[in-house]
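>>> no sequence for this one, just the structure:
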């Protein structure tokens, strides 16, 4: 039993109440409920996401731990499973999603890529480890980790949750929680926290006349950026063509619906009539019950319903002929 | 007649030279070099008169360090053409771009399927395309410094040109890459970069506020732009769609990708040949065996070796089991996209798990198997494997697919949501370079296993599905049909598989690949998976390119979605069956 789970020594349960009264700490109760319904974010990056889905599927059954409800909205999620390679293009979005999650929030780094870049570490577009940007609670090794490994990692996280306490948990401080600055896509990814360092180093390098062992700057090509005057939207299709396509799609749909309606229509109608007939019969039975004083509804109510049903039946029958 | 001219007449019919005079500069077994200014004219001729209607692959090569080439003629763009109607190909065209400000004419006017691929060449090689409708950096972002697939581009953690690196253990212990580089991270900045004043360039503009479309007192509507993704439950991974809507109707859709661009090709060119096999597993991570099969077949063709009989059968069984698993998954998640939250997917995953068990038993890994080798497979099947596989192929899987079809094929909601949605005719599919189940659902029974049988596919009886609906529903039916055919192939292979060796020659960590180039394609579950490899005789491939079906099929996403509702877009995307590992590579 962890320290924060022991009942206070001053609480004494009288002998006659033992067996009826259980004493525990608020921490234990709170942590138990938190770990038993920890909802992960529905968030997959790469291969590991497939194993994460398999973990949630029937064979490994994440529902055993109260975690089967994966929420796509970060506002409703408690746990972010970073499942796959984190690229430079994706990391601003991941940090943003992390910032949007409500506290208490946890992060599992699933697989070699999320943990340290994995086999793709040397790539020019790969972030070597998500922990350079957001704090990680549990690392799960593997490429990809098997569902069993992920489950083990989740159980480890549960253990961690059980050891936390109201008094020390950072999310009960009165001050606002810190947001992690979102990395920016520049000529290369850069962290706003490192701006002064980057500036200083670049100034030093410019002063030293490019003797530092950095890749030679290649001949500068004009950076392509769509000119602000360029019209957005479709570049291949004119509005008339779009309208024509839309009409064609609608016509195709109408044609299919007509086709479907052509043959089984009478069968559908007949089936509907049958259903209506059965409803009338049921109402008649209920009316008899009501008359003998057994029904829950009054006789007048059922008579009204019956009248309506008969009228509907007649209308439908007239429609078919 | 000189030697070069003799080679030229051997590969090029004389009427081609007469049709477009001056277009062909030279020709040999590796391809026809076309004059850039005549490229579009010559391509139009090939498409209209010679029937080369299908542009399979476009890619760039940087020949800077290649023996016999230099900086003046370093950039080359390679086009691989096929004829779907005649079943012939490949015809290889090459166009050379100048070294300074490289630029070529775009062939999107001839084959619109080149659009995303030319975007990619601009992004990674810095070759511009004149006349391209929307040239943008597709895998990286606007403002990224440099074009990383160029041979003189060095990434931040660069050590040497090729593996194995000599510096791995300099003083008896591993040196962290972060400790070696000046920034202590995987980044690099140009000297004149100022982080404080940096503004991210805008890729997509909001549309101008348009007046209402008609003045008849109808509800005034204006177009809005909706970003779906990269974090969105419907996009099958980190994919983003920039959708312009009018009401709920889609009027424009731009796919944005690169959120999982993990530099497969750049790392592949640093790796030795055999090191790439596990990386290919991570391309389309739902069908790893197929990817590895395509890669080893390409390298084997270059090396001129053949695996023994037993290995061939094992490969076919594995590839077809992969197809079954992949299609189960894709059907399950198509239904997920339709709103049948997770239940059909659970049924589908249940069957996939059984196939993964077989993979695990044979290769040691559940999902990313690393099982194929040049000239064979990694290890023989364990005892009892074939019995388990027979049990699955003869009893369990046929029942499972019957069950799935019983619930889904005539389901009222499936019919109402899928019929007539995502219509694109067969001719358009070919123009957009679409392949795989999507093509076969548009009335074109084109399957590479039949058209140019690789491995031992000519020994098996199976049918190629052909449905004419051109819609999401028929794409679903094609996949069901293909599962049945794959089960049939596995059954035949299980009956015929012989005893014997599983590896041609000795197992080797280093293979010797002669100089040359090869383009090899297979029918992967998602479509046509091609590998283009240029070798210079060194242990590492000089150019290593993956023609990924998920990536190229996305070219057709916009024409398929326009005119439909935004909810239909999700199932249209689901029916393409993309995997982001392959889309972004």
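Sure thing, it's come through. Being a predicted model, the structure only gives us computed values, none of them experimental.

>>> all contacts plus neighbour counts: C-alpha atoms, from now on.
Will do.

>>> Where does the prediction get shaky in the stretch 101-250 of chain B?
Applying pLDDT under 70 to the stretch 101-250 of chain B picks out residues B:167-168, B:170, B:205-221.

>>> Could you check how many residues crowd around residue 72?
By default, I'm working from chain A. Residues near residue A:72, counting by other CA atoms under 10 Å in any protein chain shown, number 16.

>>> Chain B, not that one
Residue B:72 has 12 neighbours, counted by other CA under 10 Å.

>>> Enumerate the residues of the stretch 451-585 of chain B near chain A.
Near chain A, the residues belonging to the stretch 451-585 of chain B are B:562, B:563, B:564, B:580, B:581 when assessed by CA under 8 Å from any CA of the partner chain.

>>> pLDDT on stretch A:129-144, on average?
Mean pLDDT, computed over stretch A:129-144, is 91.

>>> ok, now how distant is the residue lying closest to residue B:288 once chain neighbours are set aside from residue B:322?
What sits nearest to residue B:288 in space, not counting adjacent residues and going by CA to CA, 6 or more residues apart in numbering or on different chains, is residue B:281, at 4.2 Å. For residue B:281, the distance to residue B:322 equals 12 Å [CA to CA, to the nearest Å].

>>> so what's in contact with the two at the same time?
By the contact definition CA atoms under 8 Å, 6 or more residues apart in numbering or on different chains, residue B:281 and residue B:322 are jointly contacted by B:287, B:288, B:289.

>>> Who wins on neighbours among the residues you listed?
Ranked by the number of neighbours (other CA under 10 Å), the shared contacts of residue B:281 and residue B:322 place residue B:289 first, at 30 neighbours.

>>> Closest one of the residues of the stretch 451-585 of chain B next to chain A to chain A?
For these, the residue nearest chain A by CA to the nearest CA is residue B:563; the value is 4.0 Å.

>>> check contacts around that closest one.
Neighbours of residue B:563 in contact, by CA under 8 Å, 6+ apart: A:242, A:243, A:245, A:246, A:247, A:249, B:249, B:250, B:251.

>>> try residue B:112
Residues counted as contacts of residue B:112 (CA under 8 Å, 6+ apart) are B:431, B:432, B:433.

>>> give the contact list for residue B:366.
Counting by CA under 8 Å, 6+ apart, the residues that residue B:366 touches are A:146, B:356, B:357, B:359, B:360.

>>> mind listing what the fourth one touches?
Residues near residue B:359 by CA under 8 Å, 6+ apart: B:318, B:365, B:366, B:367, B:369.

>>> Now, the shared contacts of residue B:281 and residue B:322 that are in helices?
Among the shared contacts of residue B:281 and residue B:322, DSSP state H puts B:288, B:289 in helices.

>>> could I get the shared contacts of residue B:281 and residue B:322 as CSV with pLDDT?
CSV is the format used below for those (pLDDT from 0 to 100):
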residue, pLDDT
B:287, 91
B:288, 90
B:289, 91
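
>>> which one of the shared contacts of residue B:281 and residue B:322 sits closest to residue A:196?
Ranked by distance to residue A:196 (CA to CA), the shared contacts of residue B:281 and residue B:322 are led by residue B:288 at 44.6 Å.

>>> nearest residue to residue B:533 other than its sequence neighbours?
Distance criterion CA to CA, 6+ apart; nearest residue to residue B:533, sequence neighbours excluded, is residue B:544 at 4.8 Å.

>>> Now do that neighbour: how many residues are near it, please.
The number of residues packed around residue B:544, counting by other CA under 10 Å, is 22.

>>> Quick check: can you name the pairing partners of the host helix or strand of it and their directions?
Assigned by DSSP states H and E, residue B:544 falls within strand B:543-547. Applying DSSP bridges, strand B:543-547 is found paired with strand B:527-535 (antiparallel).

>>> so for the partner strand, what's the average pLDDT?
For strand B:527-535, the per-residue pLDDT averages 92.

>>> How about residues contacting that strand?
B:57, B:291, B:294-295, B:298-299, B:434-437, B:448, B:513-523, B:541-550.

>>> Mind naming the longest helix for chain A?
helix A:265-291.

>>> which parts of that one are buried?
Residues A:273, A:276, A:279, A:280, A:283, A:286, A:287, A:290 are the ones in helix A:265-291 that count as buried (16 or more other CA atoms under 10 Å in any protein chain shown).

>>> Repeat that for stretch B:514-526.
B:514, B:517, B:519, B:520, B:521, B:522, B:523, B:524, B:525, B:526.
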